[in-house]
Each structure stands twice: as C-alpha cells, then as structure tokens.
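Peer 1: Using only what follows, build the 3D model:
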Amino acid sequence: MLFAKRILAACSLAALTVSCSGEIPSDPSAQSTGIDTASDWGKFLDGFLTGYFPRNPDFAVYQGRHEFDGKLPDWSEEGLADQIAFLEKTLVDAQAMDAGKLDDAQKFERGYLIAVVKGKLFWLKSADWPHRNPAFYTGTLDPSVYVTRPYADVTTRARAFIAYARAVPKAAEQIRANLRSPLDPYAIDYGVNAFGGYATFFTGDARAAFAQVEDAAVKQELEAATAEASKAMQGLADWLKAEKATSKVGYAIGPQLFSQMLADTEMVDLPLAELKAIGEADLKRNQQALATACAQFAPGATMPDCMAKLAKDKPEDGPVAEARRQLPELRAFLVDKDLVSIPGTEEAKVEESPPYNRQNSAYIDIPGPYEKGLPSVYYISPPDPSWAPQVQAEYIPPKKDLLFTSVHEVWPGHFLNFLHANRAKSFFGRLFVGYAYAEGWAHYTEEMMWEAGLGQGDPEVHVGQLANALLRNCRYLSAIGLHTGGMTVDQSIALFRDQCYVDEGNARQQALRGTYDPGYLNYTLGKLMIRKLRADWTAGKGGREAWKAFHDAFLSYGGPPVPMVRAAMMEEKTPKAIF
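Peer 2: Numbers count the residues shown, from 1 in each chain. Next up is the predicted model:
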C-alpha cells in the first residue's frame, strides 16, 4: 500500500535521498531513523528500525531510505530464520518492558509495535507464506521506486536499478528453493503471470524508462543486468508452469489460521460464524440500498440490468483520462463540505499500471515519510488482452463506478490517509500502516462521501458507490468461504457475479485474488469498525457536525489496528473489535 513529499534540491538536505555527487550513501548508520532517542523507549524503537531496515531493504527504499537502493532481502533459509529470530526477540523485549516507565504515548507505540511484529511473524512463521505463496515475493520485487519516482536524477536511479536487477537472479534462485511442491494451482498461475510480467518488463518498459541516460557505460550495464534479470524471472515462471502438472488445490489456510490471522494482524478476535454473519448483514444492507437506487435509476429493471445500465456510461477516452478529471472535483468537494483537513499541497498523478502489476484493477503508489516532494501515482489497470473482446470491454469501469474508485484511492481515501500518516506525531506510525486501517478507511470514505452529498442525490452516483461496496462485501465473504468454508473458486466467482453483480472478468480476478490474499476481507472489516467508532465517538459531540473532528482524530494515529485507535479515542482500557 501507499505516500508524498517534495524533491530535495538543497545539498545540505540530500542525505535523505542521495548525495550531491549522485552517489548513494553506503553506510545505513549515516542516516537517522527519525526516532527521538532521548528516552529508553526511543532507543528501543530506533534499535528496531536499525535492525529492520537491512533485513527488509525493499521496505526501507519504499519509505525513502535510498542508502538501501538496489538491495533485496535475504530469502535463503538462513535469512528467513534470521528475520524470524529478530522479530521474536523484538516481541519478547517489548512485552517485557516496565509499562510504569512509559508515558501514554510510549505505551501506545509499544502496543503498536507489538501488533506490527505479531502480524509479520504470522505471515513468516504461522502461515509459512515464503514456502507456499508466490505473492509473498512479488510485491517486494516491485522496482517501481527506481523506475517511476524522481527521487534523484535519471542516471543515479538507473545505477540503483542496475544494482537491483543484478540482485534478481539470486532472489529467483532463493524463491525457487523456498516454494514447496505440490503448490496450489491458483498460486502457480499467479506466480507465472507475475514473474513472467517482470521478465517482460525488465527488457521492455524498464529499459525505456531510462532512455534518457546518456552515459554509455551505464546503458551497457543496464542492458546486461536487465537481460539477466529477465532470464531469471522467466526461468522462475517456466519452472512454476511445469509445477502445474503436480499441483494440488491447497489455497485454504483453514479456520484456525484464519482466526489467528485476524487476531495477530488486526486485533480482531471474534468467532468465524459471527464474522460471517456481520458480513452477510452488510451485504444485505447494501443490496437493499441498491434495490432502492435502481428503482429510481432504472425503474422496473432487474438488479443485473440496472448494473448493466450503469456500465454503459463508460469514459470515451478511457479510465485514466476520466480519473484525471475526477480528482480536482473530489478535492473541491472535501473542502466545500469541510469533511476533513487536507495537510500540505501534494497532488496525485494518474497513470496506467505497468504490465507486471495488474493483479488489481486500481491502486496507488505513495512515497514514504523519508521522501520529500515526490508525486503519488494512482494506477489503473487495463483489461487482460488474453480475455475475449466482450470481457475486456466489460472490464473498463463506468464513470460512476470509477468515481468511487478515485474516492477510495485518492480523495479522501489512501492518498489523504497518507498525507496525514506522513505527518503523524509518532514516526513509527508514519512507517507502518495496517491493512484494515488503510483499506478500511479508503472503503469507509466511499459511503461517507455519498452520505455527505457527493452526486447531489443522483441515483446513478449511488449505484456507483454501492457497486464498490458490494464488491468489497463479496471479498469479505469469499475470504471466509475460500479459506474456512470449503468454497471453490467457481463458487466465489458465482458469488461476485450473482450477489454483488460484478462482470465476469472482474469476478474471476477477484475470486482468484482471494486464494492468495485471505486478508482482503479487511476492506469491509475495517470500514465497519470505523463506521461504528464514528457513531460512538460523535454521539456526544454533535453527530454529523463532528465528522471533520472525528476524521482528523482518526487519521492522526498513523495506521495501527483499528481496535487500538478505538480504545484511544473512546478512552477504553482494552482494544476491542466493535462493529
């Protein structure tokens, strides 16, 4: 997921990006972590980040720590064991601290850090993701920082990218050694598409991105490094493709691990039957709202026909151009309705997503808190060219559907979330923003904007909002079904198509995502917790008049588990998941 600032022109500040000579600092200790080390707690946090960044250099680079440019994690068995041991020691040491010596802010940060570490240990150790899920690696391999972020001149970034590309073959060897047969066939398909996409990208768009490099030696190194990286990724994709012959359906993590995932990553500890009932109730609520909106928008039409009518109003010049028109209007609406503070003057660009990262229809790349003055990019994915022409045409979002995707990704969704997070008082909170917090907030804002008057009551706009809400309802129920209830992929596709009125291409994409991303119920999970918190917090503060104060307060925490934010805002002793 997800950040924005401004380019540093002054040499005295360039330690945050690159030196004035264009060389990347080689010693990580040359940069501060940004943590105030005046207290024992501050020293502990600083020590955690000092150990975490070298073990997760991709994360560090994404946050703007460019002395780690070109590095990838050590995914050998020894490297994975070291990562787990580091996190386990951090957890034990944090839990053993004398709470009496910490002030309230430090106690909150300690709880925040413990939650982050537990979440990472779940995926590394309990779920054993490095050995069973290619998706564990694909995000880490993403080189978009070097390709699309202008944090330094193009030659400096090209050198960083070359170092990264040279690290890819070793990473590919480690990935192949880690993934254990028999693999799930859907995981294999995901890996084949993702790694194969990287292979194409390295020798295509990546080279084109550095076409302005004038240094002949750098150009030559780029050609050689990308050729080897492409070969390694294609080899990995080909190996996975061959594994399909012995594959065995096994995407489900099971009820026990699914419950542990929610407890360890989001502090949600409820019986699965209760969680399922909560999701079904919200699905029914949104279906009823859609029936009412469709009765106005398409009188007498069935629900699928109503959605088909919505789908006819597609942008003639494509979704990227349409989204570029939508963003200024959405920002102006926020200001006019005084819904939330907008810190800074940053804006988000809109572009087509690169070929190696089209597993989701839209997403945003936001520079981290160590960056200065860099643009965020809202990416929109084109349809898969291998699909039938009609399916491709259906995949293009209609205007009103896309409107709420733009709400979700930019104003006031992810982009605004991270404008606040990057200014959080807790520097730790600027770095670690959780899944349910980020996606829950972004999804929450869709309905909130409609409630605030976006579209001025136009039923077509409401149908667009509800189309997005229903999509997330089916993610929620598919995650539970696929991983705990024996749901098949075909059954998930049918759920998206028949209960949430999603077209065939999107339904298939969403169902397949559920096999490798069991956490994608967090959109609705987070939304419902935030809606309940808003109702409870504003009850004695003027209701609707207190929305802006609520939004500003909620966004000030960075991105911890939502139950932690609830406990802080409601002055409750123990974090609880309340819906």
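Peer 1: Just give me the neighbour total for the residue nearest to residue 194 when sequence neighbours are not counted.
Peer 2: Distances taken as Cβ to Cβ, 6 or more residues apart in numbering place residue 138 nearest to residue 194, at 4.4 Å, with adjacent residues excluded. (Glycine included, C-beta is placed from N, CA and C.) Using other Cβ atoms under 10 Å, residue 138 has 21 neighbouring residues.
Peer 1: my read: residue 138 touches residue 196, true?
Peer 2: No. Contact status for residue 138 versus residue 196: not in contact, 11.2 Å apart, counting by Cβ atoms under 8 Å.
Peer 1: any idea how far residue 409 is from residue 327?
Peer 2: 9 Å (Cβ to Cβ, to the nearest Å).
Peer 1: Looking only at neighbour counts, state which of these two leads.
Peer 2: residue 409 (24 against 20).
Peer 1: Just give the closest residue to the more buried one, not the sequence neighbours.
Peer 2: residue 364 (4.5 Å).
Peer 1: Wait, a strand at that neighbour?
Peer 2: Yes. When DSSP: H, G, I helix; E, B strand; the rest coil is applied, residue 364 is found to be in a strand.
Peer 1: Give the buried residues for the host helix or strand of residue 322.
Peer 2: Following DSSP states H and E, one finds residue 322 within helix 319-337. Along helix 319-337, these residues count as buried under the neighbour rule (16 or more other Cβ atoms under 10 Å): 319, 320, 322, 323, 324, 326, 327, 330, 331, 333, 334.
Peer 1: residues contacting the residue nearest to residue 409?
Peer 2: Shown in contact with residue 364 (Cβ atoms under 8 Å, 6 or more residues apart in numbering): 2, 348, 376, 377, 378, 379, 409, 410, 414, 415.
Peer 1: now residue 262: how far from residue 443?
Peer 2: To residue 443, residue 262 is 17 Å away according to Cβ to Cβ.
Peer 1: Please identify which of the two sits among more neighbours.
Peer 2: Using other Cβ under 10 Å, the more surrounded residue of residue 262 and residue 443 is residue 443, with 29 against 24.
Peer 1: is it true that the more buried one touches residue 523?
Peer 2: Yes. Between residue 443 and residue 523 a contact is recorded at 4.5 Å, counting by Cβ under 8 Å.
Peer 1: mind giving me the domain split of the protein?
Peer 2: Annotated domains of the chain cover 135-246, 255-343+389-579 [automatic domain parsing].
Peer 1: Lowest average confidence across helices and strands of this protein, where is it?
Peer 2: helix 389-395 (a mean of 87; mean pLDDT, DSSP states H and E).
Peer 1: And the contacts of it?
Peer 2: With Cβ under 8 Å, 6+ apart as the test, helix 389-395 has contacts from 311, 361, 383, 384, 385, 387, 503, 504, 505, 506.
Peer 1: Kindly reformat the residues you listed as CSV and extend each row with secondary structure, neighbour count and distance to residue 493.
Peer 2: Shown next, in CSV, are these (DSSP: H, G, I helix; E, B strand; the rest coil; neighbours: other Cβ atoms under 10 Å; distance: Cβ to Cβ, whole Å):
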residue, secondary structure, neighbour count, distance to residue 493
311, helix, 19, 18
361, coil, 23, 16
383, coil, 19, 17
384, coil, 14, 15
385, coil, 7, 20
387, coil, 16, 14
503, coil, 21, 11
504, helix, 16, 8
505, helix, 20, 10
506, helix, 20, 10
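Peer 1: export those residues to CSV and tack on pLDDT?
Peer 2: Conversion of the contacts of helix 389-395 to CSV gives the following (pLDDT from 0 to 100):
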residue, pLDDT
311, 91
361, 84
383, 88
384, 84
385, 87
387, 85
503, 85
504, 87
505, 83
506, 85
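Peer 1: and the residues you listed, which two are the farthest apart?
Peer 2: 311 and 385 (20.0 Å; Cβ to Cβ).
Peer 1: any idea where the strands of the stretch 301-450 of the chain begin and end?
Peer 2: Applying DSSP state E, counting those that start in this stretch to the stretch 301-450 of the chain gives strands spanning 348-352, 362-365, 376-380.
Peer 1: Turn those strands into JSON lines, columns for distance to residue 499.
Peer 2: Output for the strands of the stretch 301-450 of the chain, formatted as JSON lines (distance: least, Cβ to Cβ, whole Å):
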{"stretch": "strand 348-352", "distance to residue 499": "30"}
{"stretch": "strand 362-365", "distance to residue 499": "22"}
{"stretch": "strand 376-380", "distance to residue 499": "25"}
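Peer 1: Quick check: which ranges of the protein have low pLDDT?
Peer 2: For the chain, applying pLDDT under 70 flags the ranges 1-31, 356-357, 359.
Peer 1: Give the intersection of the neighbour lists for residue 443 and residue 523.
Peer 2: residue 472.
Peer 1: Against which helices or strands is whatever helix or strand residue 193 lives in packed?
Peer 2: Element membership for residue 193 (DSSP H and E) is helix 185-203. Using 3 or more Cβ pairs under 8 Å, 6 or more residues apart in numbering; DSSP states H and E, the elements in contact with helix 185-203 are helix 135-141, helix 154-178, helix 216-243, helix 504-516.
Peer 1: With distance to residue 469 added, can I get those helices in TSV?
Peer 2: Output for these, formatted as TSV (distance: least, Cβ to Cβ, whole Å):
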stretch	distance to residue 469
helix 135-141	25
helix 154-178	36
helix 216-243	35
helix 504-516	14
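Peer 1: Out of those helices, indicate the one that is most buried.
Peer 2: Each of the helices and strands packed on helix 185-203 was scored by mean neighbour count; the highest is helix 504-516, a mean of 22, by mean count of other Cβ atoms under 10 Å.
Peer 1: Identify the residues contacting residue 483.
Peer 2: Counting by Cβ under 8 Å, 6+ apart, residue 483 has contacts 251, 252, 253, 254, 255, 257, 258, 514, 518.
Peer 1: Residue 168 now?
Peer 2: Shown in contact with residue 168 (Cβ under 8 Å, 6+ apart): 72, 141, 198, 202, 228, 229, 232, 233.
Peer 1: and which of those is nearest residue 540?
Peer 2: When the contacts of residue 168 are compared against residue 540 (criterion: Cβ to Cβ), the nearest one is residue 141, at 49.0 Å.
Peer 1: give me the number of residues near the residue nearest to that closest one when sequence neighbours are not counted?
Peer 2: Leaving aside its chain neighbours, residue 141 sits nearest to residue 198 (6.4 Å; criterion: Cβ to Cβ, 6+ apart). A total of 27 residues lie near residue 198 under the criterion other Cβ under 10 Å.
Peer 1: Residue 198 contacts residue 140, doesn't it?
Peer 2: No. With contact defined as Cβ under 8 Å, residue 198 does not count as touching residue 140 (11.6 Å).
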